[in-house]
Every structure is written in structure tokens, then in C-alpha cells.
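S.K.: Next one to model:
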Amino acid sequence: MKLKQKIQSWVAAGIIQADQAAAIEKFESEQSSRPYAMYSFVILGVAVISIGIISLIAANWEDIPGSVKLAADFLILMGAAFAIFQFRERPILHYAISVFFAIFVLASIGLISQVFHTSGKFYQGLSMALFLTAPLMLIQQGRFLLHLWLIGFIYAFLAFTMDVFDYQDEEMLNIVHPLTLGSILLLGALLSRSAGESLEPHSRGLILWSVLVLSTTAFILSFMDLEAVDVKSSGVEKGVLIPGILLVCSAAYSFFMLPSALSRRIMHLITFGLLYLLFFFSLFVYPVGDKTLYLALIFVLLAMSAAISFFDYRFVFDFFLVLAGIRFLIVYFEVFEDLATTGIGLIIAGLVIIGGVVLYAKSRSRIQQFLQERLK
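M.R.: The predicted structure follows:
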């Protein structure tokens, strides 16, 4: 619902007076907002220009000497760097050139590698580009460059760990690498949050990607069914040490440093505890019976706990509830396999899903209000 419609509904409900509504509309109209459409078109223009330059060079690539290629490359880099400084008072142009510069740094590393015939892997060049463009990313407030940088970091980290620390005997054990990645992103988000308003967009971006990585990892862990001999002979005990320490640090920071009510901080600890339980149970515990059923139960509890922890972030709250529902349905089809494959079983499952959605839609506001009263 748009702000004007909300204000009209508030006036109709008697929450505010007409003069207050007019004052709110005037105040909001005077506030500057980020022109996302303009930013999008500028970034699109940068991409088109970049493709045009690449196409122009590629058509005559073999005829251009290596020294000329490098000279032109460094001239473009220096020109872009100068333009970033020169147009620092014009946000849109400044940001567009910054995005171009960050992408061109990676292209320059590839060009140097090609001219001098250096051996290496893509993630190594990407890591160097990430290192060189990190200061530029940190001083920018836009989201595109931040998420572009984080996507590159995620790829480089996973490619490096999968290449150097690959558990070839049991491929499923490589799940510890995204767990480590998610732990790094989460701790980085918490630390950047305390750094002030200048890093607030970066903290939000890190939170988003850490939630995506950790929730995906946890979902995969809930299906792990490894043999004890495969785990004990793999040496994965050393691999879990780093994510274990990082998660402990994140849990401690969340409890002692975040400015929230004690009940909510306890909820954070419960969420971290369930993630720990899922992690170690999936790798190092071999109970009698169906292990995946226990893991599914832990994951559902973890998703519910995470949803409660993020109750004031509506999208994240709904995201974790959907994950819990999906995992519960998978358990349903596994446990009631014979019935679920019949028409009656599918009809019952569909009715349960629809009923749950309708019930949640009607009670979501009350649930969030209840959590707000208890956890804030």
C-alpha cells in the first residue's frame, strides 16, 4: 500500500487528524529518496558501453601488440580513477564510474595474465580484483557494487576452499566450506553494524547473504546421512574448527553487544545452538534409527527459531517459515510414503497447505505483535 493510501486509511480510522495527515505528506515529499530507476539505467548504460569496448577490441585483438594493449588498459584505469575523484559531487555519475572501474580491474588482471602468459585459476585473479576494489566498495553507499563484490567474494571463497581443501573421499563433507563462508559473512555483518551509519548498507548486504548461505547450508545438512567410517577417515574434524569458532564469536557478539531485549538475545542464542546441533549431529552423531528424520526436526526448529529472531523483518520472517514448511512437507511424504502417493494423501496434504497459509495470513499481524511485545 502506498503512503498516501495508508495516511488516508489512518485518517478514516481516526488514528490521526486531517492536519496531521497533511503534515506527514508534506514531510515525506520533502525527503530525498534514492532514484533507483535512474541508477539502474546508468548501470545498464555502463554495461552496454563495456560490451561495446570489448566487442571493438575483440574484432582486432590479434593485430594489437601486447604493449599497446597494456598501455591502453592502464590509461583507461587511470582515466576512470581520475573521473571517480573528479565527479565525487555528482552521486549517480560517480557511482556509475565506480562500478565500471571495479569491473575493469578484473578485466585488467585477465589481460595481464594473457599478455604475459601467467598460469593461474580464475578465482585467484578474482581474489586480487576483490582485494583491490574493496576500499572502493566500502566508501560507496549503493547496493549494486556491494552485492556484485559479495557475489565475487562468495565465488572466490568457495572455489578456493573446494580446490585446496576438497574432501574427495566424501564429497558431501564439502558442506563445511559454505558453512565457514556463511559464518564469516555473519560475523562481518555484526561487526560492520557497530561501525556506524557509514557501513549500514554493507551490514544489511552481509546479513542478506549470510542468511541465504547459512539457511541453504542448514537445509542441505538436514538431509545428510553419512557413514561413520567415511567421516572418521576424512579429517573433517579440523575443517569444522573455523566455522565453529566463528559461530561462537557471532553468538557471543549477538548476546553481549546487540542493543536488544534480553529475551531476544536469548532467542539469538537458541538459534545459534540449534544451528550448532544440526551441524554436529549431521556429521558426528550416528544414532540408531532414521537419522534424517531427527535432522529434519532440528531444521524445522531452527527455521522457526530464526523466524522469531527476525520477526521485525517481514521478508526474512516469511522466508524462514516457508523453509520450515517445505522441510515439514518433505518429512510428511517420507514418513507417509504409501498414503501420500495416493490421491487421498495428496488431497489431504494440499488442504493442510492451504489451511496453514490462510491461518497464517489471518494471524501474521497478531503473531508479529505478540513477538514484538515479548522480544523488544
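S.K.: Low-confidence stretches in the stretch 1-150 of the chain?
M.R.: When residues are selected by pLDDT under 70, those of the stretch 1-150 of the chain lie in 1-3, 28-43, 50, 53-61.
S.K.: which residues of it fall in helices?
M.R.: Listed in chain order, the helices of the stretch 1-150 of the chain (DSSP state H, counting those that start in this stretch) span residues 3-12, 18-30, 36-59, 66-86, 91-116, 122-139, 143-164.
S.K.: Rebuild those as TSV, extending it with distance to Leu173 and mean neighbour count.
M.R.: The way it works is simple: take the backbone N, C-alpha and C, and place the C-beta from them, glycine included. Below are the helices of the stretch 1-150 of the chain laid out as TSV (distance: least, C-beta to C-beta, whole Å; neighbours: other C-beta atoms under 10 Å):
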stretch	distance to Leu173	mean neighbour count
helix 3-12	51	13
helix 18-30	53	11
helix 36-59	39	12
helix 66-86	42	13
helix 91-116	31	18
helix 122-139	20	16
helix 143-164	11	17
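S.K.: if we look at the helix or strand hosting Ile245, which residues are touching it?
M.R.: According to DSSP states H and E, Ile245 maps onto helix 241-256. Helix 241-256 is contacted by residues 176, 179-180, 182-184, 186-187, 190-191, 265-266, 268-269, 272-273, 275-276, 279 when judged by C-beta atoms under 8 Å, 6 or more residues apart in numbering.
S.K.: Which positions in that helix come out as buried?
M.R.: 243-244, 246-247, 250-251, 253-255 (16 or more other C-beta atoms under 10 Å).
S.K.: which is the next helix or strand following it?
M.R.: In N-to-C order, the element after helix 241-256 by DSSP H and E is helix 262-284.
S.K.: Please work out the angle formed by the directions of that following helix and helix 241-256.
M.R.: Helix 262-284 runs at 170 degrees relative to helix 241-256, counting by axes from the mean of the first three to the mean of the last three C-alpha atoms, to 10 degrees.
S.K.: and helix 262-284, which residues are buried?
M.R.: For helix 262-284, using 16+ other C-beta under 10 Å, the buried residues are 264-265, 267-268, 270-272, 274-279, 281-283.
S.K.: closest to Asp225 among those residues?
M.R.: Closest approach to Asp225 among the buried residues of helix 262-284 (C-beta to C-beta): Ser282, at 8.6 Å.
S.K.: That closest one against Ile220, yeah?
M.R.: No: Ser282 is beyond contact range of Ile220, at 9.0 Å (criterion: C-beta atoms under 8 Å).
S.K.: ok, Gly66 - contacts?
M.R.: Contact partners of Gly66, counting by C-beta under 8 Å, 6+ apart, are Val115.
S.K.: 10 Å instead?
M.R.: Counting by C-beta atoms under 10 Å, 6 or more residues apart in numbering, Gly66 makes contact with 111-112, 114-117.
S.K.: Please apply the same query to Phe101.
M.R.: Going by C-beta under 10 Å, 6+ apart, the list of residues near Phe101 reads 46, 76-77, 79-81, 83-84, 108, 132-133, 136, 145.
S.K.: Which of the residues you listed sits closest to Ile347?
M.R.: Nearest to Ile347 among those is Leu145, at 49.5 Å by C-beta to C-beta.
S.K.: Compile the helices of the stretch 1-150 of the chain into a markdown table and extend it with columns for distance to Leu212.
M.R.: What follows is the helices of the stretch 1-150 of the chain, written out as a markdown table (distance: least, C-beta to C-beta, whole Å):
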| stretch | distance to Leu212 |
| --- | --- |
| helix 3-12 | 29 |
| helix 18-30 | 32 |
| helix 36-59 | 21 |
| helix 66-86 | 30 |
| helix 91-116 | 22 |
| helix 122-139 | 19 |
| helix 143-164 | 9 |
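S.K.: do you know which of those lies nearest Ile298?
M.R.: Comparing the helices of the stretch 1-150 of the chain by their distance to Ile298 (C-beta to C-beta), the top pick is helix 143-164, with 24.5 Å.
S.K.: quick one, which of the helices of the stretch 1-150 of the chain is nearest to Val316?
M.R.: helix 143-164 (16.5 Å).
S.K.: If I take the closest one and helix 91-116, what angle do their directions form?
M.R.: Using the same axes, to 10 degrees: helix 143-164 against helix 91-116 is 30 degrees.
S.K.: how about helix 143-164 as PDB, C-alpha atoms only?
M.R.: Only the C-alpha atoms of helix 143-164 are listed here, as PDB (Å, rounded to 0.1, in the frame of the first residue of the first chain):
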ATOM      1  CA  ARG A 143      23.800  -1.600  -3.300                       C
ATOM      2  CA  PHE A 144      24.700  -2.900  -6.800                       C
ATOM      3  CA  LEU A 145      28.500  -2.600  -6.300                       C
ATOM      4  CA  LEU A 146      28.200  -4.100  -2.800                       C
ATOM      5  CA  HIS A 147      26.200  -7.200  -4.000                       C
ATOM      6  CA  LEU A 148      28.500  -7.500  -7.000                       C
ATOM      7  CA  TRP A 149      31.500  -7.600  -4.800                       C
ATOM      8  CA  LEU A 150      29.900 -10.000  -2.300                       C
ATOM      9  CA  ILE A 151      28.900 -12.400  -5.200                       C
ATOM     10  CA  GLY A 152      32.500 -12.300  -6.300                       C
ATOM     11  CA  PHE A 153      33.700 -13.000  -2.800                       C
ATOM     12  CA  ILE A 154      31.400 -15.900  -2.400                       C
ATOM     13  CA  TYR A 155      32.500 -17.500  -5.600                       C
ATOM     14  CA  ALA A 156      36.200 -16.900  -4.900                       C
ATOM     15  CA  PHE A 157      36.000 -18.300  -1.400                       C
ATOM     16  CA  LEU A 158      34.100 -21.400  -2.400                       C
ATOM     17  CA  ALA A 159      36.300 -22.100  -5.400                       C
ATOM     18  CA  PHE A 160      39.400 -21.700  -3.300                       C
ATOM     19  CA  THR A 161      38.300 -24.000  -0.500                       C
ATOM     20  CA  MET A 162      36.900 -26.600  -2.900                       C
ATOM     21  CA  ASP A 163      40.200 -26.600  -4.700                       C
ATOM     22  CA  VAL A 164      42.600 -26.600  -1.800                       C
END
